[in-house]
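Q: Turn this into a model:
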Amino acid sequence: MKRPFADAAVEVLPEDIVIELLLRLPVKSLMRFKCVCKRWRSLISDPDLAKTHLRRLKAGDMVSRQRIFKTSPIETIDYQAYDGVGRIDDRAVVEFHELRMEDTAWEPYLVGSCDGLVCLFVSGRFLLYNPSTRECRDLPKSDLFQLDEGWDLPGPDPFELEELFVGFGYDPRSDDYKIVQGDGIENWQVEIFSLKSASWRIKQVQPENDLPVTERGVYWNGALHWCVIDESRSRGESMIMSFDLSEEKFHQVLSVPEVDGEIVFEGLGTHGTNLFIYYVSIINDCFEAWITDDKGSWTKFFSVLTDGISLYKYVKIPACTRGRKIVFQIDMHQMTLFDPEDDTYEEYPIQSDNDVESIIYLETLVSPYLGYLS
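A: Next up is the predicted model:
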């Protein structure tokens, strides 16, 4: 009986005040508040509100929330949940997601994450998914660039098998989201999908060197980045290759951190608005990482001993918490939070049907159906 009065109270608030209040709320609260009334549902679904909300998140005007997205099966992990004191309900830490896909028989492979959108590749085509709003969009299939037959069998990443590179990110110059895939070993032919035009096109690119680029790139600061090995050097030095999404060219603009000794860096990741690079020392049983500062220079992020983790296993670092704890993905099926202060480990209660892939994403309202942000 009190509902009509509550609706009336909401309706009398000026729209600019309502919008300002909504912009201060996290995405999960906004999704719940869609049910308050039709007016609020319309405002929260407005692309302009999603755009402004994202801009404030990036500017640091409000606390951003990031989660880990994993496959096999698809789940999202609130990796910050174990950063505090006290036990958290497992259901609040890990959430199961069921995607609306044309063909559910095949396992999706991760392509990348940008502005809350996760890009996946499944059954010969790409799709975009916002885990926060649970909106999913199948993208047009490309006829220009095809993987060889047999790629779609369950198992390893098809891009790794075919020695192709792939990535997803935002082009600030054209105000567009793009998917990039291509051959970074032989002919350097690149295929680019524009979300704004909803179409594919192919172009030839000329790299600055002959370093091979394969697998998934990490999006940061308007470009996709790969950590590659220069085998032409006697010690096999690590280098960073970047594909600028505005210029649509490969560049080598970032150098790896200057460190003592012979180090081969393992991979790249993002922490907040910064890029980090890490390596594993089997001899010293430790992980070390460096992170970019506001000027793009490297500073030491962490150096921790990892006696509890076998370094002979596959180990990846998908995320780090605000409390400087480190999330390790171990042997493709285990997700563990490591506290370097007291050398303790906490396993996330994830499921694993096959090899698990993981990536970090930002909770936003950005819709895969928007086409573009202005």
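Q: can you give me the strands in the stretch 1-150 of the chain?
A: For the stretch 1-150 of the chain, the strands defined by DSSP state E, counting those that start in this stretch occupy 66-70, 75-77, 94-96, 109-114, 117-122, 125-130, 135-138.
Q: Select, out of these, the one closest to Glu288.
A: strand 66-70 (21.6 Å; Cβ to Cβ). All C-beta spots, glycine's among them, are computed from the backbone N, C-alpha and C.
Q: Could you report the neighbour count for Phe96?
A: The tally of other residues near Phe96 (other Cβ atoms under 10 Å) stands at 10.
Q: next one: Glu231
A: By other Cβ under 10 Å, 10 other residues sit near Glu231.
Q: just the one 10 residues further on next, same as before
A: Around Met241 there are 24 other residues, counting by other Cβ under 10 Å.
Q: Tell me who's in contact with it.
A: Going by Cβ atoms under 8 Å, 6 or more residues apart in numbering, Met241 touches 207, 211, 213, 225-226, 228, 250-252.
Q: What remains of these if I keep only buried residues?
A: Among the contacts of Met241, the ones that count as buried by 16 or more other Cβ atoms under 10 Å are 207, 211, 213, 225-226, 228, 250.
Q: and which of those residues is nearest to Asn130?
A: Nearest to Asn130 among the buried ones among the contacts of Met241, counting by Cβ to Cβ, is His225 at 23.1 Å.
Q: chain center to the helix or strand encompassing that closest one: distance?
A: Per DSSP states H and E: His225 is located in strand 223-230. When distances are taken as Cα atoms, centre = their mean, to the nearest Å, strand 223-230 is centred 16 Å away from the chain's centroid.
Q: For this protein, give the helix that spans the most residues.
A: Taking DSSP state H as the criterion, the chain has its longest helix at helix 47-59.
Q: for that helix, packing partners?
A: Applying 3 or more Cβ pairs under 8 Å, 6 or more residues apart in numbering; DSSP states H and E, one finds that helix 47-59 contacts helix 15-23.
Q: what does the helix it packs on contact?
A: Here helix 15-23 makes contact (Cβ under 8 Å, 6+ apart) with 10, 30, 33, 39-40, 43-44, 49, 52-53, 56, 62.
Q: Go again with 7 Å.
A: If you take Cβ atoms under 7 Å, 6 or more residues apart in numbering as the criterion, helix 15-23 is touched by 30, 43-44, 49, 52-53, 56.
Q: At the geometric centre of the protein, which residue sits there?
A: Taking Cα atoms, centre = their mean, the centroid of the chain lies closest to Ser113, which sits 3.2 Å from it.
Q: What residues does that one make contact with?
A: Ser113 sits next to 69, 359-361 when contact means Cβ under 7 Å, 6+ apart.
Q: Would you point out the most distant pair within those residues?
A: Spatial extent of those (Cβ to Cβ) is set by the pair Phe69 and Ile360 at 7.5 Å.
Q: that older thread, enumerate the positions of the longest helix of the chain that are buried.
A: Within helix 47-59, judged by 16+ other Cβ under 10 Å, the buried ones are 47, 49-54, 57.
Q: In PDB, list the C-alpha atoms belonging to it.
A: Listed in PDB are the C-alpha atoms of helix 47-59, where the atom choice follows Å, rounded to 0.1, in the frame of the first residue of the first chain:
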ATOM      1  CA  PRO A  47      23.700   5.900 -22.900                       C
ATOM      2  CA  ASP A  48      24.600   9.500 -21.700                       C
ATOM      3  CA  LEU A  49      24.400   8.400 -18.100                       C
ATOM      4  CA  ALA A  50      26.500   5.400 -18.800                       C
ATOM      5  CA  LYS A  51      29.100   7.600 -20.500                       C
ATOM      6  CA  THR A  52      29.200  10.100 -17.700                       C
ATOM      7  CA  HIS A  53      29.400   7.400 -15.000                       C
ATOM      8  CA  LEU A  54      32.300   5.800 -16.900                       C
ATOM      9  CA  ARG A  55      34.100   9.200 -17.200                       C
ATOM     10  CA  ARG A  56      33.800   9.700 -13.400                       C
ATOM     11  CA  LEU A  57      35.100   6.200 -12.700                       C
ATOM     12  CA  LYS A  58      38.200   6.900 -14.800                       C
ATOM     13  CA  ALA A  59      38.700  10.300 -13.300                       C
END
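Q: show me the contacts for the nearest residue to Leu268 once chain neighbours are set aside.
A: Distances taken as Cβ to Cβ, 6 or more residues apart in numbering place Val218 nearest to Leu268, at 4.4 Å, with adjacent residues excluded. For Val218, the contact set (Cβ under 7 Å, 6+ apart) comprises 224-225, 268-270.
Q: give me the beta-bridge partners of Val218?
A: Beta bridges link Val218 to His225, judged by DSSP bridges.
Q: Likewise for Ile229?
A: Beta-bridge partners of Ile229, as defined by DSSP bridges: Ser238.
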